[in-house]
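**Q** A predicted structure for the sequence below; I have some questions about it.
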Amino acid sequence: MKMLSKNKTLSICKNNKSYFIGYILSFFFTCIPFLLIINKWNLYNELIYNLIIICAFSQAIIQFTFFLNIFDNSRINWKLISLTFTILIIFILIFGSIWIMNHLHHNLM
C-alpha cells in the first residue's frame, strides 16, 4: 500500500515539473514577439514576421506537449485523429471567412 502512494506522489511531482517547464517556455515564447513589437528595434519587417510565426508554432508544440499531452504514448492514435479534425475545422473557418469576405468585397465594389 505504501508503494502505491509513493508512485502516485512521484507521478504528481513529475506532472508538476512538466507543467512548470511548459509554463516557463510558454512565457518565453510569448515575451519574444511582444518585445519585438514594443521595442521598435531596427529589424526588417519580414524578419519580425518570421520570428513571430516561429514563436507561434513553438507555442503550439509546447502546448501540445506539456499541457495537452498529445504526444503521450497512451491512445496516441485517438489524440492525433482528434487533433487533425480540430485543425481541419479551424482551417475551414479561417479560409471560409477569408473567401466570403473577398467575395463580398468584390461584389460590393
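**A** On my side now, so go ahead.

**Q** C-alpha from now on. contacts and neighbour counts both.
**A** Will do.

**Q** Would you map out the domains in the chain?
**A** In the assignment given by automatic domain parsing, the structural domains of the chain cover 1-69, 73-109.

**Q** Out of those domains, which is the most enclosed?
**A** By mean neighbour count, with neighbours taken as mean count of other C-alpha atoms under 10 Å, domain 1-69 ranks first of the domains of the chain at a mean of 13.

**Q** Quickly, which of the domains of the chain bottoms out on average pLDDT?
**A** Per-segment mean pLDDT for the domains of the chain reaches its minimum on domain 1-69, at a mean of 82.

**Q** On the three-state scheme, the nearest residue to residue 64 once chain neighbours are set aside is what?
**A** Excluding the flanking residues, the one nearest residue 64 by C-alpha to C-alpha, 6 or more residues apart in numbering is residue 70, at 5.4 Å. With DSSP: H, G, I helix; E, B strand; the rest coil as the basis, the three-state label of residue 70 is coil.

**Q** Over to the one 3 residues further on?
**A** Under three-state DSSP, residue 73 falls in the coil class.

**Q** Can you pull up the most central residue in the chain?
**A** residue 60 (1.7 Å; C-alpha atoms, centre = their mean).

**Q** For the strand or helix carrying residue 80, name the packing helices and strands.
**A** With elements delineated by DSSP states H and E, residue 80 resides in helix 76-108, which encompasses its position. On a contact count with 3 or more C-alpha pairs under 8 Å, 6 or more residues apart in numbering; DSSP states H and E, helix 76-108 meets no helix or strand.
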